[in-house]
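Student: A structural model of the following input is requested.
(chains A, B, C and D)
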2 protein chains.
Amino acid sequence: MIKNNGRSRVTVGDVAKQAGVSTATVSRVLNKTNNVSPKTVARVQKAIDELGYVLDTAAQALSSSSNRTGNIGIIMPVINNSFLSTLLEGVNQYANTCSYNLLTFATIGQASIQDGVPLPLNENNTDGLIIFADKIDDKTLTHLYQRQFPVVLLYRLPPQGLDIPSVLIENKNGTRTLIEHLIKNCGHRRIAFMAGPAGNYDSYWREQGYCEALTACDIPIDSQLMGVGAFHDWRAKEQIEEWLEKGLDIDAIFAGDDTAAMAAIIALQQAGKRVPEDIAVVGFNNDIISKYFNPPLTTVHVPTEEIGRTAVKQLFHLINGEQTEALTPFNTELVVRQSCGCHLVNNPRWHPN
Amino acid sequence: MIKNNGRSRVTVGDVAKQAGVSTATVSRVLNKTNNVSPKTVARVQKAIDELGYVLDTAAQALSSSSNRTGNIGIIMPVINNSFLSTLLEGVNQYANTCSYNLLTFATIGQASIQDGVPLPLNENNTDGLIIFADKIDDKTLTHLYQRQFPVVLLYRLPPQGLDIPSVLIENKNGTRTLIEHLIKNCGHRRIAFMAGPAGNYDSYWREQGYCEALTACDIPIDSQLMGVGAFHDWRAKEQIEEWLEKGLDIDAIFAGDDTAAMAAIIALQQAGKRVPEDIAVVGFNNDIISKYFNPPLTTVHVPTEEIGRTAVKQLFHLINGEQTEALTPFNTELVVRQSCGCHLVNNPRWHPN
DNA sequence: TTGTACGCGTTATCAA
DNA sequence: TTGATAACGCGTACAA
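Tutor: Sure thing, here's the model as predicted:
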């Protein structure tokens, strides 16, 4: 109703009439096909300008089979997160460098192709998709794959049998190093863990690293100390409050990522706890602000912007029909600052619990 | 080339054949028109499932004139910025609450309808657009307006004569209050200002507030103290380095926004300056992290998430053909923390310059 | 309740 | 170098 109420749409036909040529010629001018005389080009461009003609992307997508939209898309979980911002920055910059636009779709719940309903970002408005995390189910990936639509996976592996390029980080060893630092250098033993969102790939492997580290140090795994932070500030806050309420004995918390770690510290401080004197908190990702947080965060560095760029690069390979890497893993590195409390060891004011 | 190489696309026709009905019936099922028997619905849905049919949004957009995509779009400057994240969060959550998806397009340069080239987000993939800041020129807005496409402006006013709803904040008085705090309560007089990006609406009015405050306090305006931070970390860092190099006498810096303020503080600290002891820095926006920055930032609070929600609300009014507010202005509030240095006044260790 | 047939705006094929 | 015309996949009169 709304869309076509106003001045009716200007089409190639209108432009053609105005310029005294055929629609085919207008199309040729629009697509910069060379077989058209400069004089005609000028006439058509004048008509385009006078009429305020704008190409209809839907009609274009429908008509041509080999067609470039000039856009790539990324589908990701909610966006209000320093880590995701950094990732997006890397993706967007590299895409722009290559003369592509980035379209972003952040979905809170599951995004899936079901009952014939397409994704909001698809082959009609993008030339390829970067799919982040777990928001897209296997059925959807399979559909995309079968249609040979360019897709790169970020922070997750493809479903069995689909060779979709995948860019991810090494979580397990990074986490193990982090937890062992907590145990060996900071003197913590009651270490709690906040998982990411359910089914999250990174979270799974961080949990493995956490368990391995404890086991290697002969510390029993206590399920009471395993909660959920969901890489999310509110959820992390809730988890802290639950633990506080239960009055559990906790030396340190690995919050799963920096977002949750900062939220956890804030919640702890609001409850009158000192970090790291009363309880240590560490994160994962090394967000830009983590260094300037108070206290500065001990965390695991991840080259997030580079990961974003790499994903885009792989996607362009796919779009251009070039060779791709099936798997591009990135290593991580421990960053020791103050929130783990190791600088307090041998300090008389320091007391565990 | 790529798009149609694989298994050829499944269409309504295929589904119709498989289900033994006509394309019209399939379409009716897809669009949940009621005039179709339950038995047929089931048959069609089975066929959709078996064939893995997915609706072609381009064809759909092209075909019907009154058509809902279920998406709204937002066009904004680059994304890696705590303030924008917060805004997006508000927008995305409210959109999702109303069963809409949010599509985001972040453009570094100018995005314009020119030479018949459409915006990547347009009437074919969205039902309406929130346009942020200065990235879209008047010609493009006029085109959208004439076509009666739902558009809400964020942080900017519409071009003369177009009554496009606009959601913005009160910049001038907020800034004046901030600067007068710097002068009257913190004892600063040599106060530098970092402008936002060229042509930015908010920056313009913050500059007005800055000048008004100085003038009201009989402090001359020194063009040497007026630089550019562009609401951007790198640019702010560069500006600090320029000022440092010139060896200017500066008591305090109003960085334009919190992003620039934090970057400025980091640059200052790296140069061996203490904030606020050697030089004070204040921002604007009250980003979530500003409170936890070291030192905690004195800034001006802006209800960013609510602003995002309000813009979406206005857009939905437009989409639904309801009444809208031409202008929704939001007030701001001074938040005094430590980076302004007022807690140091009367402290013997404190010395200006 | 269901089917037929046309039109949406563009590109591409084929002739001129 | 140009023009006429047939697709592309879907919604929707209109007819049955």
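Student: wait, is A:Ile108 part of a strand?
Tutor: No. According to DSSP: H, G, I helix; E, B strand; the rest coil, A:Ile108 belongs to no strand; its state is coil.
Student: OK, contacts around whichever residue of the stretch 201-350 of chain A sits closest to DNA strand D?
Tutor: Per C-beta to the nearest atom of the strand, A:Ile319 is where the stretch 201-350 of chain A lies closest to DNA strand D, at 20.3 Å. Bear in mind the C-beta positions are built from the backbone N, C-alpha and C, glycine included. Each residue near A:Ile319 by C-beta atoms under 8 Å, 6 or more residues apart in numbering or on different chains is listed here: A:72, A:127-128, A:150, B:2.
Student: so which of those residues are in strands?
Tutor: Members of these lying in strands (criterion: DSSP state E): A:Ile72.
Student: and the contacts of A:Ile319 as a markdown table, adding distance to A:Leu214?
Tutor: Listed next are the contacts of A:Ile319 as a markdown table, based on distance: C-beta to C-beta, whole Å:
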| residue | distance to A:Leu214 |
| --- | --- |
| A:Ile72 | 42 |
| A:Asp127 | 46 |
| A:Gly128 | 41 |
| A:Pro150 | 42 |
| B:Ile2 | 48 |
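Student: need the buried ones from the contacts of A:Ile319 selected in PyMOL.
Tutor: This is the PyMOL syntax for the buried subset of these, where burial follows 16 or more other C-beta atoms under 10 Å in any protein chain shown:
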select buried, (chain A and resi 72+127+128+150) or (chain B and resi 2)
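Student: so which of the contacts of A:Ile319 is the closest to A:Ala326?
Tutor: A:Pro150 (14.5 Å; C-beta to C-beta).
Student: show me what contacts the closest one?
Tutor: So A:Pro150 contacts A:127-129, A:315, A:318-319, B:2 (C-beta under 8 Å, 6+ apart).
Student: next, work out how far apart the closest residue in space to it that isn't next to it in sequence and DNA strand C are.
Tutor: Computed as C-beta to C-beta, 6 or more residues apart in numbering or on different chains, the closest residue to A:Pro150 that is not its neighbour in sequence is A:Gly128, at 3.4 Å. Using C-beta to the nearest atom of the strand, to the nearest Å, we find A:Gly128 at a distance of 19 Å from DNA strand C.
Student: got it, and A:Val228?
Tutor: Applying C-beta to the nearest atom of the strand, the value for A:Val228 to DNA strand C is 47 Å.
Student: isn't the residue nearest to A:Pro150 up against A:Val152?
Tutor: Yes. Between A:Gly128 and A:Val152 there is a contact under C-beta atoms under 8 Å: 7.4 Å.
Student: what residues are shared contacts of those two?
Tutor: Common neighbours of A:Gly128 and A:Val152 (C-beta under 8 Å, 6+ apart) are A:315, A:318.
Student: so what's A:Ala195 bridging to?
Tutor: A:Val228 (DSSP bridges).
Student: my guess is it contacts A:Leu225. True?
Tutor: No. Judged on C-beta under 8 Å, A:Ala195 makes no contact with A:Leu225 at a distance of 11.4 Å.
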